[in-house]
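*Asks:* Just the structure for this:
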Amino acid sequence: QVQLVEAGGGLGQPGGSLRLPCAASGFTFSSHWMHLVRQAPGKGLEWVSALDPGGDKTYYSDSVKGRFTISRDNAENTLYLQMNSLKPEDTALHYCARDSWNAMDCWGKGTLVTVSS
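*Replies:* Okay, here's the model as predicted:
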């Protein structure tokens, strides 16, 4: 059974940091691009970041570039999003998603990040 499980969400302080792991199972994790997507309260989905199977090529939205870092541990089947310099506008439900043939075909249930003082 293909599964993605996000964790690490919670309350973060403006200017602070959070680290979101996403555990993958049921498929060959090391063969897939992976994405992070988020949805702020009352808004649509926003693509945040992507990472190639080897962990070498990273892509970020302008809204998080320079603040967030995506990485992966293929031995542990885990994707990570390191979130630094948090802003209130980072408040959102954060999802990891598997890429198959340029489509996000499997999603986790998401983890909620709230940035507030």
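*Asks:* How far does stretch 20-40 sit from its chain's centre?
*Replies:* Counting by CA atoms, centre = their mean, to the nearest Å, stretch 20-40 is centred 7 Å from the centre of its parent chain.
*Asks:* so what's the most centrally placed residue in the chain bridging to?
*Replies:* Geometric centre of the chain, nearest residue: residue 36, 3.3 Å, by CA atoms, centre = their mean. Beta bridges link residue 36 to residue 49, residue 96, judged by DSSP bridges.
*Asks:* and what of residue 72?
*Replies:* Applying DSSP bridges to residue 72 gives these bridge partners: residue 79.
*Asks:* residues near it, how many?
*Replies:* 22 (other CB atoms under 10 Å). All C-beta atoms are positioned from the backbone trio N, CA, C, and that covers glycine.
*Asks:* same thing with the one 3 residues further on?
*Replies:* Residue 75 has 8 neighbours, counted by other CB under 10 Å.
*Asks:* Please confirm that it is located within a strand.
*Replies:* No - per DSSP: H, G, I helix; E, B strand; the rest coil, residue 75 lies outside any strand segment and is coil.
*Asks:* which regions of this structure sit below the pLDDT cut-off?
*Replies:* Residues of the chain meeting the criterion pLDDT under 70: none.
*Asks:* Please, where are all the strands along it?
*Replies:* Using DSSP state E, the strands of the chain run over 3-6, 10-12, 18-25, 34-39, 45-51, 58-60, 68-73, 78-83, 92-100, 103-107, 111-115.
*Asks:* which secondary structure elements does the longest one contact?
*Replies:* So that's strand 92-100. Counting contacts by 3 or more CB pairs under 8 Å, 6 or more residues apart in numbering; DSSP states H and E, strand 92-100 is packed against strand 3-6, strand 18-25, strand 34-39, strand 45-51, strand 78-83, strand 103-107, strand 111-115.
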